[in-house]
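J.: A predicted structure for the sequence below; I have some questions about it.
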Amino acid sequence: MKPLLLALGALCVATAGIAAEPEVAYPEGYRDWRHVKSMLIEEGHPLHAAFGGIHHIYANDTALEGYRNGRFADGAVIVFDLLEAKRSDAAVVEGARKVVGVMHKDSQRFAATGGWGFEGFAGGDRQRRAVAGDAATACFACHEPEREHDYVFSRARD
């Protein structure tokens, strides 16, 4: 059930589109942050069309503390990195990047969306937004059921 919730939480980044300058910045250097977990959505899963591929979750130091204590402080940034899954020599390997989804905690700026700002970057392109319209509203609608976990679907793996 948790992989499904993670995928639903990322549903907000499924629609391609270019819009105004994002409120949430591209997370430079996020692949050097702590890797929280990974998952694979394969063909046959109900969300495969939008989210099929390899999912990696990264967290900055502030977000790591939030994973530990269950509440995320301002400055926490969580990145959802979605890549194509390709099969090669009896292995599943990473293909092209599909989207980089970002959650940034700032309780003042994003008070209307549980303190979180949301953005998706198509193909990992810092200039190309992956969400048509208001990313915060679209994403928060999916994250709202996770209120008890500060609107975060993923849990740190032990």
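T.: The structure has been received and is ready for your questions. Numbers count the residues shown, from 1 in each chain.

J.: show me where the protein dips below the pLDDT cut-off.
T.: Within the chain, the set of residues satisfying pLDDT under 70 comprises 1-22, 132-133, 135-136.

J.: name the element the residue most central in space within it belongs to?
T.: Nearest to the geometric centre of the chain sits F80, at 3.1 Å (CA atoms, centre = their mean). Element membership for F80 (DSSP states H and E) is strand 77-88.

J.: list the contacts of that strand.
T.: With contact meaning CB atoms under 8 Å, 6 or more residues apart in numbering, strand 77-88 is reached by 9-10, 13, 27, 30-31, 33, 36, 40, 42, 51-60, 62-63, 92-105, 124, 152, 154. For glycine as for every other residue, the C-beta is placed from the backbone atoms N, C-alpha and C.

J.: gap between H149 and G123?
T.: 29 Å (CB to CB, to the nearest Å).

J.: who's more crowded, these two?
T.: Shown here are H149 and G123; by other CB atoms under 10 Å, H149 has more neighbours (17 against 13).

J.: OK, contacts around that one?
T.: So H149 contacts 70, 155 (CB under 8 Å, 6+ apart).

J.: mind listing what's buried in the longest strand seen in the chain?
T.: Ranked by residue count and defined by DSSP state E, the top strand of the chain is strand 91-105. For strand 91-105, burial by neighbour count (16 or more other CB atoms under 10 Å) applies to 97-105.

J.: what's the answer for stretch 142-153, then?
T.: 142-143, 146, 149-153.

J.: tell me what the residue nearest to the centre of the chain is bridged to.
T.: Beta-bridge partners for F80, by DSSP bridges, are I57, G101.

J.: in the chain, which spans are strands?
T.: 34-41, 53-59, 77-88, 91-105, 116-122.
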